[in-house]
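> sequence? don't have it. structure:
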């Protein structure tokens, strides 16, 4: 996509990536929770509610986080509650490394934005059909995490 001056716009690149990513046949569900003012507040809870209809396939679940240079930590702690359609709850406390020991961020991106896929569960079966809930909040000691643009989830069929 180009603007009137012939330059490629960031929004055009992002839209193309999103459409390409969302059209993959193995993607069962994808959603993004935007964080206002590029800050993840301690009381800001991301909730995703995919409808699962296939209990026979093996799936992988990933979180996607987009950060910028204002994010001051090498890692992030997440508290994740998974609730099945019948109400069964699993709680996980997860730590992900977002940068190496010298502070160089992992993931891909350009300019200030880095996107990183974080594996949550791989090789899983959903035991029930219906609507699941993934409730996520950050578990860092700092209440307001600056430099986080959004958090996403992607559920895809595992490749054989």
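Now that the structure is in, tell me what you want to look at. On a predicted model such as this, the values are computed, not experimentally measured, just so you know.
> determine the longest strand present in the chain.
If you go by DSSP state E, the chain has its longest strand at strand 113-124.
> chain center to that one: distance?
7 Å (Cα atoms, centre = their mean, to the nearest Å).
> and what of stretch 72-79?
The answer for stretch 72-79 is 13 Å, by Cα atoms, centre = their mean.
> and if you look at stretch 86-102?
The mean C-alpha position of stretch 86-102 is separated from the chain mean by 11 Å, Cα atoms, centre = their mean.
> ends of stretch 47-64, how far apart?
14 Å (Cα to Cα, to the nearest Å).
> re the thing from before, and after the longest strand of the chain, which helix or strand comes next?
Reading on from strand 113-124 to the C-terminus, the next helix or strand found by DSSP states H and E is strand 130-131.
> and that next one, which strands flank it?
The pairing partners recorded for strand 130-131 under DSSP bridges are strand 51-52 (antiparallel).
> how far off centre is the very next helix or strand once past the partner strand?
Later in the chain than strand 51-52, the nearest helix or strand by DSSP H and E is strand 59-67. Centre-to-centre, strand 59-67 and its host chain are 4 Å apart (Cα atoms, centre = their mean).
> tell me what the longest strand of the chain is packed against?
strand 59-67, strand 89-97, strand 108-110, strand 148-157 (3 or more Cβ pairs under 8 Å, 6 or more residues apart in numbering; DSSP states H and E). From N, CA and C alone the C-beta is placed, and that goes for glycine too.
> burial measure for residue 77, as a count.
14 (other Cβ atoms under 10 Å).
> from residue 114, how far out is it?
The gap separating residue 77 from residue 114 is 18 Å, by Cβ to Cβ, to the nearest Å.
> hmm, back to that, show me the contact partners of the longest strand of the chain.
Contacts with strand 113-124, where a contact means Cβ atoms under 8 Å, 6 or more residues apart in numbering, come from 58-68, 80, 92, 94, 96, 98, 105-109, 149, 153-154, 158.
> so which bits of it are buried?
113-116, 118, 120 (16 or more other Cβ atoms under 10 Å).
> what's the answer for stretch 29-45, then?
29-32, 35, 38, 40, 44.
> chain center to it, what's the gap?
10 Å.
> distance between the ends of it?
19 Å.
> then stretch 102-115?
18 Å.
> pLDDT (mean, whole number) over it?
Mean per-residue pLDDT for stretch 102-115: 88.
> cool, and stretch 72-87?
97.
> and the end-to-end length of it?
37 Å.
> thinking again about what came up before, farthest-separated two in the buried residues of stretch 29-45?
29 and 38 (24.9 Å; Cβ to Cβ).
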